[in-house]
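Asker: What follows is a predicted protein model with its sequence.
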Amino acid sequence: MSKVLLLNGSPHAGGCTATALGEMIKTFNEAGVETELIQVGNKAVRGCVSCMSCQKSGKCVFDDLVNETAPKFEASDGLVIGTPVYYGSPNGTIISFLDRLFFSTKVSKHMKVGAAVVSCRRGGNTASFDVLNKYFTISSMPVASSTYWNMVHGFTAEDVKKDLEGLQTMRNLARNMSFMIKAFKDAKEKYNLPEQEYEFFTNFHDGK
């Protein structure tokens with residue numbers, strides 16, 4: 001069975017972001033896709049210190065939720081990152097978590113399907129959405145889309161439940177993501193995954 005891992009970057013386990021992700025989870029389950037939700041936003045997650053220890057060990061030097069999540073990320077076919085908007089950007093905790101998760105793991109992220117989900121009261125949603133999508137597009141992860149940008153509006157969970165278009169967007173996103181995951185699995189068996197090149201790593205250190 002296909003599996004999607006969902007990360008809630010909000011400190012509130014039952015808040016606006018959780019309401020959006022919950023709508024996706026119901027739709028994933030209807031599509032026969034297994035889900036697991038990990039609460040990140042209320043954890044004490046420090047940022048990357050660029051020690052490069054992970055390049056040898058394959059895991060982060062700080063043994064916390066990042067290392068716990070890594071094998072679940074590896075076993076998943078897709079990743080949904082949800083966050084509230086703080087000062088026009090994603091919650092700092094989820095950014096610290098993602099920096100370390102994506103950099104420290106030797107997990108192949110190639111062709112895992114990614115989707116970003118943001119919740120806000122009024123503004124900052126598209127800027128936060130762009131930040132999260134960059135984790136996917138640097139990692140050869142196809143990005144799932146919906147019938148509007150993947151966002152909900154509201155100050156409380158009850159507000160989000162009234163955002164009918166936002167919840168509709170979440171359901172359509174989960175359906176599209178489910179289809180992509182299943183289609184990529186079928187294509188992998190028939191064609192194999194696309195070749196990836198890693199020969200060049202340009203730093204311009206020689207001035208050329």
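Answerer: Sure thing, it's come through.

Asker: Every contact and neighbour count from this point should use C-alpha atoms.
Answerer: Fine.

Asker: Need the nearest residue in space to V113, chain neighbours excluded.
Answerer: On the basis of Cα to Cα, 6 or more residues apart in numbering, the spatially nearest residue to V113 that is not a chain neighbour turns out to be G78, at 4.4 Å.

Asker: confidence score at that neighbour?
Answerer: G78 is assigned a pLDDT of 98 by the prediction.

Asker: Name the helix or strand of the chain that has the lowest mean pLDDT.
Answerer: Across the helices and strands of the chain, mean confidence by mean pLDDT, DSSP states H and E is lowest for helix 54-57: a mean of 94.

Asker: In it, which residues are buried?
Answerer: Applying a neighbour-count criterion of 16 or more other Cα atoms under 10 Å, one finds C54 buried in helix 54-57.

Asker: which secondary structure elements does that helix contact?
Answerer: In terms of contacts (3 or more Cα pairs under 8 Å, 6 or more residues apart in numbering; DSSP states H and E), helix 54-57 is packed against no helix or strand at all.

Asker: what's across from the residue nearest to V113 in the sheet?
Answerer: V4, V113 (DSSP bridges).

Asker: Likewise for V118?
Answerer: Residues found in beta-bridge contact with V118 (criterion: DSSP bridges) are T83, M151.

Asker: for it, what are its contacts?
Answerer: For V118, the contacting residues are T17, G82, T83, P84, V85, P90, N125, S128, F129, N150, M151, V152, by Cα atoms under 8 Å, 6 or more residues apart in numbering.

Asker: try 10 Å
Answerer: For V118, the contact set (Cα atoms under 10 Å, 6 or more residues apart in numbering) comprises 9-10, 16-17, 20-21, 81-85, 89-90, 124-129, 132, 149-153.

Asker: how many neighbours does R121 have?
Answerer: 16 (other Cα atoms under 10 Å).

Asker: Report the central residue of the protein.
Answerer: Centroid-nearest residue in the chain, with Cα atoms, centre = their mean: I81, separated by 3.0 Å.

Asker: Now do the contacts for that one.
Answerer: 5-9, 17, 21, 38, 94, 98, 114-118, 129, 132-133, 135.

Asker: any idea which element it lies in?
Answerer: When elements are defined using DSSP states H and E, I81 is found to belong to strand 78-86.

Asker: how much space between the residue nearest to A157 when sequence neighbours are not counted and G88?
Answerer: Of all residues beyond its chain neighbours, the one nearest A157 is C16 (4.4 Å), with distances taken as Cα to Cα, 6+ apart. According to Cα to Cα, to the nearest Å, C16 stands 16 Å off from G88.

Asker: higher neighbour count, these two?
Answerer: The residue with the greater number of neighbours, taking C16 and G88 and applying other Cα under 10 Å, is C16; the counts read 28 against 15.

Asker: Helices of the protein, start to end?
Answerer: When assigned using DSSP state H, the helices of the chain occupy the ranges 16-30, 54-57, 65-75, 92-104, 125-137, 157-162, 164-191.

Asker: mind showing which ranges of this protein have poor pLDDT?
Answerer: 205-208 (pLDDT under 70).
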